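J.: Next comes the sequence, and after it the predicted model I'd like to discuss.
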Amino acid sequence: MNPSIPGVHLIDHPLVQHKLTLMRNRQASTSSFRRLLNELAMLMTYEVTRDVPMQEVQIETPLETMTSRVIDGKKLVFVSILRAGTGLLDGMLGVVPGARVGHIGLYRDPATLMAVEYYFKMPQGMNERDAVVVDPMLATGNSAIAAVTRLKTLNPRSIKFVCLLTCPEGIAAMRAAHPDVPIFTAAIDRQLNDHGYILPGLGDAGDRMFGTK
């Protein structure tokens, strides 16, 4: 069921939910986890880009000239929160290869769970672009909030946040800090544990993607 939470878009398409279930399984190998994440990102991109602006161009079909609609992929910027955001980024670029890419390097301080920035690189002219921030998990919300706060200093035309999993605590924190930024997710899980991990979750997405644990 799709709960009605203002500003939150739950992508509950059967294919999305099927692949997410396979990813949650602790027996999934690094290679299968990575492949599923790529496929899931491609599927979610359809929903995330549903309202992307379009423009008309003139083309020649095999039979005649016509006017048809296209998106301007160059006006889209996929912003990856390093390192785990890379997995979503690859799949999204498979659907919108003309999109620009930005990177925000953040790590979570193990003591405070707060986000610490170590890298920030965006395309030029962000005020004319629509930004889609990607990170597999919206848990405490600290990294997402820090990334969006930093991104807003460049005044992008719009900002969306995309994740695989979130929880009530992450949603509440993000909505409180950035109520103007819609959240797109494949699942809203039960809660956070004492270490800031989502339950039931799927573990650490970065570690499972890169085989580092």
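T.: In hand now; what should we look at?
J.: which residue packs closest to Leu113, ignoring adjacent ones?
T.: Gly196 (4.8 Å; Cβ to Cβ, 6 or more residues apart in numbering). In this view, the C-beta of every residue, glycine as well, is placed from N, C-alpha and C.
J.: Which helix or strand contains the one you found?
T.: Under DSSP states H and E, no helix or strand contains Gly196.
J.: Number of residues surrounding it?
T.: 16 (other Cβ atoms under 10 Å).
J.: which ones are touching Ala115?
T.: Ala115 makes contact with Leu106, Tyr107, Arg108, Asp109, Asn142, Ser143, Ile145, Ala146, Ala147, according to Cβ atoms under 8 Å, 6 or more residues apart in numbering.
J.: Pull up the gap between the closest residue to the fourth one other than its chain neighbours and Leu106, please.
T.: Spelled out, that is Asp109. Spatial nearest neighbour of Asp109, chain neighbours left out: Val116 (5.7 Å); criterion: Cβ to Cβ, 6+ apart. According to Cβ to Cβ, to the nearest Å, Val116 and Leu106 sit 7 Å apart.
J.: out of the two, which sits in the busier spot?
T.: When neighbours are counted by other Cβ under 10 Å, Val116 and Leu106 differ, and Leu106 comes out ahead with 22 against 13.
J.: Check whether that one really touches Val148, as I assumed.
T.: No - in this structure Leu106 lies outside contact range of Val148 using Cβ atoms under 8 Å: 11.3 Å.
J.: Helices along this protein, start to end?
T.: Per DSSP state H, the chain carries helices over the ranges 14-24, 30-48, 85-95, 142-152, 168-177, 205-210.
J.: Report the buried members of the contacts of Ala115.
T.: Leu106, Arg108, Asn142, Ser143, Ile145, Ala146, Ala147 (16 or more other Cβ atoms under 10 Å).
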